[in-house]
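Engineer: how does the following fold in three dimensions:
(one chain, ligands or ions: 2)
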Amino acid sequence: MLGCLPTLQPDELLYSVAARREDLLRFPTAEGAAREVFGLTKTNILVPMGLDYFIANLPPGHTHTINSIINGHTMLPLYAPFMPPAVVESTKVYVATGAMADNQCSIVFQDRYLPHTLRLCHDCVREDRERCGRAYWHRVHQAPGVLVCPVHTGTWLSRSHVGIRRHGKHCRKEDGFISCERALYEMPPGISEMVGAPPLQLRRIAADIQWLLSHNPIPLDHSTLRARYVALLHERSLATPGGVLRLTQIERAVQDYYSDEILTLLDCQLHLASEGKTKTWINLLFHSHTSHSPLQHLLLIQFLEQTPETFFADQPSATRKPFGDGPWPCLNPVADHRGELIVEQLNIQSQLQDKAKLIGTFICTCGFVYARREPNRTDNDRYQFDFVRFYGPVWDQALRTMWDDDTMIVQEIADALGVNYGTILRQGARLNLLFPRRCLRSVRDVRALRKLPGPKRAKWLSKRQTYRQRWLDKRKAQPELGRQGLRDAERPVYVWLMQHDHHWLQRHMPDKRSGGKKHNPSATHEARDA
Ligand SMILES: [Zn+2]
Ligand SMILES: [Zn+2]
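Structural biologist: Numbers count the residues shown, from 1 in each chain. Ligands and ions are numbered 1, 2, ... in the order given. Okay, the predicted model is just below:
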């Protein structure tokens with residue numbers, strides 16, 4: 001059991017509270033202190049391992065959890081938003097148990113921009129002593145790129161003598177746990193060697209890191225991160241919408257935005273490729289599949305006139321559900337399951353015109369894919385779409401069947417398939433259907449037929465079928481007959497068809513010159529029309 005554990009202060013490193021405890025207990029060796037607190041002989045200053053052990057040994061009645069410790073008292077929340085979610089999770093397992101699953105979490109432990117020694121703000125030291133009696137190591141002061149206190153924005157940070165190993169995973173044995181008060185007593189850091197007011201861009205980086213540490217935005221994988229950068233770079237003509245980056249121009253623009261002095265202070269100088277140097281960090285940021293320092297991301301985000309708040313707010317939030325919970329209805333008007341809640345698959349993206357708003361694409365198993373934009377206007381919106389992305393095989397087959405039904409006019413097909421007149425013609429062309437489409441002689445005829453009572457209409461259709469068949473049979477039986485001969489041989493049939501089924505008759509007359517051939521010898525028409 002960990003007795004005598006001082007209360008964790010806001011934004012205090014877990015290392016710091018362990019060091020304050022050591023001040024009280026005076027362990028003979030650093031390993032003894034680490035083993036007692038974390039169950040390990042060595043641990044990391046900024047992201048300590050062994051949190052399972054730490055939590056399990058806290059006195060009863062405490063309210064800490066692994067997540068509350070990681071989010072409030074380690075540096076991991078600064079890195080997590082820029083790491084793939086799966087890597088964040090495996091890093092958390094490593095931090096909890098001390099057992100490394102793979103090497104992917106290395107950026108958290110090997111960030112080259114981490115300071116060499118712990119830093120402090122003399123104004124914070126004074127205020128902490130007044131507020132809680134002791135100074136302590138603030139997490140935000142140790143973040144890569146933080147040279148200015150984000151609270152006391154005019155104050156440069158000062159370096160202590162307590163070392164942070166950058167490329168190792170463990171704190172140095174001989175350093176032990178050194179509290180902020182002990183560091184101030186043993187070797188008080190002078191006021192920072194930097195003079196003058198800190199530049200605005202450095203103050204913004206400190207504020208951005210403060211925001212990231214306290215807000216825990218949802219992590220983005222590499223491709224989403226890249227897509228977000230591409231969209232913002234495209235607005236500045238520094239990338240094509242397809243994602244081709246104009247790297248040299250980007251590097252020049254970033255170099256123009258930040259002064260050489262600031263880039264040197266942050267160790268983020270840009271050696272342009274045209275000067276024959278190696279790849280710049282911007283180039284590596286876009287072209288390698290490993291995670292990169294949050295400092296590099298924040299420099300780019302500030303250059304793109306964003307803050308982490310706006311940059312991460314653009315993403316479709318996992319908790320925001322503008323289209324409600326699934327399943328959603330299938331809106332294919334000719335599917336058996338029309339209107340039933342069977343659509344399980346929903347893709348949500350930002351709208352192109354307004355990135356704060358979302359667009360949902362609903363994908364049904366019948367192949368019908370529709371999309372709806374935010375915002376919802378009424379509760380009934382679930383049963384409406386803004387446009388169709390794909391009609392699918394069920395809908396296509398319905399259009400083919402109706403297209404061939406010459407008792408339907410186009411507008412009726414459009415109404416039955418839930419689209420407008422022009423869409424029917426466009427989709428008919430997509431399906432290579434027969435153009436121009438043949439229906440009865442005129443729209444008026446179709447309407448007249450529609451108005452007939454059921455039995456009369458059936459009688460009419462059956463009569464047409466009989467006459468068509470007689471016409472075809474006669475042609476087949478006497479192919480030598482020309483137009484005139486056929487007309488004379490089947491006079492009543494010809495007259496009736498001429499009046500009521502003009503388009504069909506035109507397609508099934510013998511050829512004008514040579515007597516025996518069909519005008520339009522299409523086997524499929526024969527089969528279909530018969
Ligand atoms: Zn401060
Ligand atoms: Zn469906």
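
Engineer: next secondary structure after the host helix or strand of Thr248?
Structural biologist: Using DSSP states H and E, Thr248 maps to helix 247-257. Once the chain leaves helix 247-257, the next helix or strand it forms, by DSSP H and E, is helix 260-265.

Engineer: and the nearest residue to Ile250 once chain neighbours are set aside, how far from ligand 1?
Structural biologist: Nearest residue to Ile250 in three dimensions, chain neighbours excluded: Leu238, at 5.0 Å (Cβ to Cβ, 6 or more residues apart in numbering). Just so you know, the C-beta spots here come from the backbone N, C-alpha and C atoms, and that holds for glycine as well. Distance, Leu238 to ligand 1, using Cβ to the ion, to the nearest Å: 36 Å.

Engineer: count the residues that sit near Leu238.
Structural biologist: 21 (other Cβ atoms under 10 Å).

Engineer: for it, give me its contacts.
Structural biologist: Leu245, Arg246, Gln249, Ile250, Ala253 (Cβ atoms under 8 Å, 6 or more residues apart in numbering).

Engineer: going through the residues you listed, which ones are buried?
Structural biologist: Leu245, Ile250 (16 or more other Cβ atoms under 10 Å).

Engineer: quick one: which of the contacts of Leu238 is nearest to Gly418?
Structural biologist: Set against Gly418, the nearest of the contacts of Leu238 by Cβ to Cβ is Leu245 (42.3 Å).

Engineer: the closest one: what's it in contact with?
Structural biologist: Val230, Leu233, Leu238, Ala239, Phe286.

Engineer: where does the stretch 251-400 of the chain have low pLDDT?
Structural biologist: 271-277, 314-321, 352-356, 375-379 (pLDDT under 70).

Engineer: could you point out which element follows the longest helix belonging to the chain?
Structural biologist: Longest helix in the chain, counting residues (DSSP state H): helix 454-477. Per DSSP H and E, the first helix or strand lying C-terminal to helix 454-477 is helix 483-489.

Engineer: so what touches that following helix?
Structural biologist: Trp471, Lys474, Arg475, Gln478, Leu481, Tyr494, Met509, Pro510, Lys512, Gly515.

Engineer: from those residues, which single one is nearest ligand 1?
Structural biologist: Each of the contacts of helix 483-489 was checked against ligand 1 using Cβ to the ion; the closest is Met509, at 96.0 Å.

Engineer: the closest one: how many residues sit nearby?
Structural biologist: For Met509, using other Cβ under 10 Å, the count is 18.

Engineer: distance check, it against His503.
Structural biologist: 11 Å (Cβ to Cβ, to the nearest Å).

Engineer: may I have the helix or strand containing Leu232 as CSV, with CA atoms only?
Structural biologist: Following DSSP H and E, one finds Leu232 within helix 222-235. What follows is helix 222-235, C-alpha atoms only, in CSV (Å, rounded to 0.1, in the frame of the first residue of the first chain):
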residue,chain,number,x,y,z
HIS,A,222,-2.6,8.5,-40.8
SER,A,223,-4.9,8.6,-43.8
THR,A,224,-7.5,10.8,-42.1
LEU,A,225,-4.8,13.1,-40.8
ARG,A,226,-3.4,13.4,-44.3
ALA,A,227,-6.8,14.0,-45.9
ARG,A,228,-7.4,16.8,-43.5
TYR,A,229,-4.1,18.5,-44.3
VAL,A,230,-4.8,18.0,-48.1
ALA,A,231,-8.2,19.8,-47.8
LEU,A,232,-6.6,22.8,-45.9
LEU,A,233,-3.6,22.9,-48.3
HIS,A,234,-5.9,22.8,-51.3
GLU,A,235,-7.7,25.9,-50.1
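
Engineer: quick one, it and helix 247-257 angle?
Structural biologist: Counting by axes from the mean of the first three to the mean of the last three Cα atoms, to 10 degrees, helix 222-235 lies at 70 degrees to helix 247-257.
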